[in-house]
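>>> Build the 3D model from these lines:
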Amino acid sequence: MNKFVCYLCMSVLAIVLTGGERHDVKAQSLPIPSLTEIVFMGLRPASALIPEQYPQDGQPCVRRYLAAVAPDSYLWRFEVPSSSEKAVSVRKRNLVEQMVTILGREVRTEADAFAAVMPLLAEWEGMSEGPLQEADFLGQWLQERPGATVAPFLYLLEAHRLRAAYEAALTNHRKDLRPVLAGRYREALSAARSSTNPLILCLAEDLEAQPFVYLGGQGRPAYNKINIQAGNRGDSR
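As a prediction, this is how the structure comes out:
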């Protein structure tokens with residue numbers, strides 16, 4: 001419990017130090033990254049994770065993830081990109097390797113094909129449109145390929161982007177979007193949790209546990225009764 005309180009304190013400190021005004025994709029980030037940040041943002045190597053400094057409840061998941069990363073994996077050693085142009089290519093490569101690590105080597109071909117068409121942005125600029133554009137693409141892709149072997153991971157990625165959009169919507173005066181985004185977030189998270197993959201399940205819990213994934217101080221997507229029809233999952237505009 002003490003470690004979790006300390007983790008929340010670091011979250012508040014990060015918000016104060018950044019002043020809530022950073023506009024790159026990473027936006028606000030803790031000195032010690034979360035598992036969610038490592039996996040779904042893809043801008044820091046797996047070696048930045050320190051299980052002993054993680055909230056106690058989340059340590060088993062972090063250790064399970066680190067044990068799954070192959071000794072020679074790109075995820076251990078890649079350098080933080082120095083420019084927006086390099087950031088996109090690094091994040092696409094990272095995305096593939098995360099799927100292979102979490103779902104198994106047999107998904108590499110499908111993971112490569114997905115990453116090639118995924119419209120990852122170099123910057124979100126503190127706005128909801130960036131992560132929402134990525135979430136909409138994911139929703140449409142999954143709607144067309146519900147049986148894809150990479151689907152469990154992509155449902156989590158969609159949930160992450162929807163939560164980022166939810167956090168940004170309040171800061172750029174799109175409060176009207178938040179109930180819809182919260183509903184879509186819960187739907188994507190529920191779809192991911194239907195997986196039997198232990199890493200997918202604990203990553204879902206890690207995502208839920210984060211005080212924020214993009215912009216702090218904006219609250220969490222609460223469950224609501226908005227019924228989002230399956231045919232509209234990829235379109236919130």
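>>> Name the spans of this structure whose pLDDT lies under the cut-off.
Counting by pLDDT under 70, the chain shows low-confidence ranges at 1-31, 223-237.
>>> Which residue ranges of it form helices?
Ranges of helices in the chain, per DSSP state H, are 2-18, 35-40, 59-68, 74-77, 84-103, 108-117, 129-144, 151-171, 178-193, 198-209.
>>> Quick check: buried residues in the shortest one?
Counting neighbours by 16 or more other C-beta atoms under 10 Å, one finds that the buried residues in helix 74-77 are Tyr74, Leu75. Using the backbone N, CA and C atoms, a C-beta is placed for each residue, glycine as well.
>>> got a list of contacts for that helix?
Helix 74-77 is contacted from outside by Pro45, Ala46, Ser47, Val69, Arg93, Asn94, Glu97, Gln98, Thr101, using C-beta atoms under 8 Å, 6 or more residues apart in numbering.
>>> Ignoring the adjacent residues along the chain, who's closest to the third one?
Same thing as Ser47. Trp76 (5.4 Å; C-beta to C-beta, 6 or more residues apart in numbering).
>>> now the second one
Distances taken as C-beta to C-beta, 6+ apart place Leu75 nearest to Ala46, at 4.5 Å, with adjacent residues excluded.
>>> circling back to that earlier point, drop anything exposed from the contacts of helix 74-77.
Neighbour counting with 16+ other C-beta under 10 Å marks Pro45, Ala46, Val69, Arg93, Asn94, Glu97, Gln98, Thr101 as buried within the contacts of helix 74-77.
>>> which non-adjacent residue is nearest Leu215?
Glu167 (4.3 Å).
>>> Quick check: that neighbour touching Gln218?
Yes. The pair Glu167 / Gln218 is scored as a contact, 4.1 Å apart, by C-beta atoms under 8 Å.
>>> Report the set of residues contacting both of those two.
Joint contacts of Glu167 and Gln218 (C-beta under 8 Å, 6+ apart) are Phe212.
>>> Between these two, which has more neighbouring residues?
Neighbours per residue (other C-beta atoms under 10 Å) separate Glu167 from Gln218, with Glu167 holding more: 26 against 19.
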